[in-house]
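Chemist: Got a predicted model here, sequence first, then my questions.
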Amino acid sequence: FCEPRTAPIDAADGGTSPHPRAALPRPLRARNRGVSASGFAVGRRPRRAASVGAQRMQSLEPHLGAVARFPTRAGGGGVLVRGPSAAQRRVESRSGARPQHSRLPHGPALSADGVGRAHGGVAQEVPRGYQLDAGLSAQETEHLWRAQRGRLFRWPRLHEQDLHAVALGGPGPQRFCRGGASPEEDARACGDPGDNVFVISLARRPTRLKHALHQLHAQGVSATIVDAVDGDTVLYQEDLERVGVASLPGYMGHKNHDILLTTGEVGCFMSHFTIWQHMVENNIQSALILEDDCDLQEGFSERLGQYLEEAKGEDWNILFAGRSPMEGDWRRISEHIVEPGYTLWTVGYVLRLDAAQRLVDAAVQRSFAPLDDFFSVLMGRGQDAAYNDQVHGWWPYLPTREDGTPLLRPLA
């Protein structure tokens, strides 16, 4: 459904927007390409920046009527979404300006508002290397930093100020699956996400959000923009302890991702978890979760509906709209649908309430790994250790079903 862009979003309108939220950002990971055997594709793009709540939507309004100005990227080979490759992601994680790892320093206690104070009562400075889109003033940068620091401590629930609806589709309820005499029953049987489309967007990267809005507008898809948890606002181990988040015991990466957990990976996991929690609290039966650097492929809506129809009757609780496969598919189900092997990317997937409920009930935030690796191991993939040589060390700490089978049942 998506693929990565090859040029900066800013080039489309001659420069960056003056307001920190005006340019919209992409998700927490690097750009990459990949196409699954089933024909889906996913892509990553850059993200957005700036304020919270009402200011966020005010800054979006000028762009909602202008997103059609941005060029549409041609779809590729029946893929639905595209994103960055594992190799590219590893390069970016190594070369980032501020590669914070899981072994964060211990530091001063936080203030009641969660933003934190340094010794002597002076507000903490914005960390050196804090990566933002161009065009933000020092005052805007400080405001954004403090807002995102506060966002960290509202986790895991989504508050009204973290959710921003953008109605870009037609009138009436949004549907991807078209068939069936009873639309509601058919949608539930297919796992149709309907109006529950969530786009995770990092506030300090507004160009990515701008790109995501263009993608949604071009495909006529309404969605809710979700303010991401910014991993680069995690300064100390105490920050994660305070919100109850911890990596797998002894996590040290694996042979194909041989770095410690980065703050970007922490923020990515926490951002996705907020949507799972939101699904459970609001009894959302199925949701399409996108990251704002995705590229939706031509005919996205129709093809997603078609592929969901093809998957009807299968016992699945997660369907990848785009992926980067690391091993062969386990089974072909239809022309476009497969049961995947070990796969990377979380740029776009449909999650059913069964999976969200199991993830939340198991408190997976207390022993997590980078999300795409985490999903694959929860799917029971990689047991031969060909791609991930740490699978058997992780497995004892990960939840399964009551009968001992993998928690996630995937399609792609």
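Modeler: Right, received. Where do you want to start? Here the structure is a predicted model, which is why all the values come from computation and not from measurement. Residues are numbered from 1 along each chain as shown.

Chemist: Show me the helices in the chain, by range?
Modeler: 54-64, 86-95, 138-152, 183-190, 206-219, 237-243, 263-281, 300-310, 353-361, 371-378, 391-394 (DSSP state H).

Chemist: Next, format those helices as a markdown table and append distance to Ala412, mean neighbour count and mean pLDDT.
Modeler: C-beta here means a position set from N, CA and C on the backbone, and glycine is covered the same way. Output for those, formatted as a markdown table (distance: least, CB to CB, whole Å; neighbours: other CB atoms under 10 Å; pLDDT from 0 to 100):
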| stretch | distance to Ala412 | mean neighbour count | mean pLDDT |
| --- | --- | --- | --- |
| helix 54-64 | 31 | 17 | 43 |
| helix 86-95 | 16 | 16 | 38 |
| helix 138-152 | 31 | 19 | 89 |
| helix 183-190 | 16 | 16 | 83 |
| helix 206-219 | 20 | 28 | 94 |
| helix 237-243 | 31 | 16 | 95 |
| helix 263-281 | 17 | 23 | 97 |
| helix 300-310 | 9 | 21 | 96 |
| helix 353-361 | 14 | 19 | 98 |
| helix 371-378 | 11 | 25 | 98 |
| helix 391-394 | 19 | 18 | 96 |
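
Chemist: of all those helices, which lies closest to Arg332?
Modeler: Nearest to Arg332 among the helices of the chain is helix 300-310 (11.0 Å), distances taken as CB to CB.

Chemist: on that earlier part again, export the helices of the chain to JSON lines and tack on distance to Pro325?
Modeler: Conversion of these to JSON lines gives the following (distance: least, CB to CB, whole Å):
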{"stretch": "helix 54-64", "distance to Pro325": "35"}
{"stretch": "helix 86-95", "distance to Pro325": "10"}
{"stretch": "helix 138-152", "distance to Pro325": "33"}
{"stretch": "helix 183-190", "distance to Pro325": "24"}
{"stretch": "helix 206-219", "distance to Pro325": "23"}
{"stretch": "helix 237-243", "distance to Pro325": "31"}
{"stretch": "helix 263-281", "distance to Pro325": "20"}
{"stretch": "helix 300-310", "distance to Pro325": "16"}
{"stretch": "helix 353-361", "distance to Pro325": "20"}
{"stretch": "helix 371-378", "distance to Pro325": "10"}
{"stretch": "helix 391-394", "distance to Pro325": "16"}
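
Chemist: The ones you listed: which one's closest to Leu290?
Modeler: Closest among the helices of the chain, using CB to CB: helix 206-219, at 7.3 Å.

Chemist: helices or strands up against that closest one?
Modeler: Helices and strands touching helix 206-219, by 3 or more CB pairs under 8 Å, 6 or more residues apart in numbering; DSSP states H and E, are helix 54-64, strand 197-201, strand 223-227, strand 295-296.

Chemist: mind listing what the shortest one pairs with, with the direction of each?
Modeler: If I follow you right, that is strand 295-296. According to DSSP bridges, strand 295-296 has the following sheet partners: strand 81-82 (antiparallel).

Chemist: cool, and the second one?
Modeler: Sheet neighbours of strand 197-201, with direction, are listed as strand 223-227 (parallel), strand 286-291 (parallel) (DSSP bridges).

Chemist: tell me the most buried of those strands?
Modeler: Most buried of the strands paired with strand 197-201 by mean neighbour count (mean count of other CB atoms under 10 Å) is strand 286-291; its value is a mean of 28.

Chemist: Dump the C-alpha coordinates for that strand into PDB.
Modeler: Output of strand 286-291 as PDB, limited to C-alpha atoms (Å, rounded to 0.1, in the frame of the first residue of the first chain):
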ATOM      1  CA  SER A 286     -10.400  -3.700  14.000                       C
ATOM      2  CA  ALA A 287      -8.000  -0.800  13.300                       C
ATOM      3  CA  LEU A 288      -5.600   0.100  10.500                       C
ATOM      4  CA  ILE A 289      -2.400   1.500  12.100                       C
ATOM      5  CA  LEU A 290      -0.100   3.500   9.800                       C
ATOM      6  CA  GLU A 291       3.100   5.400  10.400                       C
END
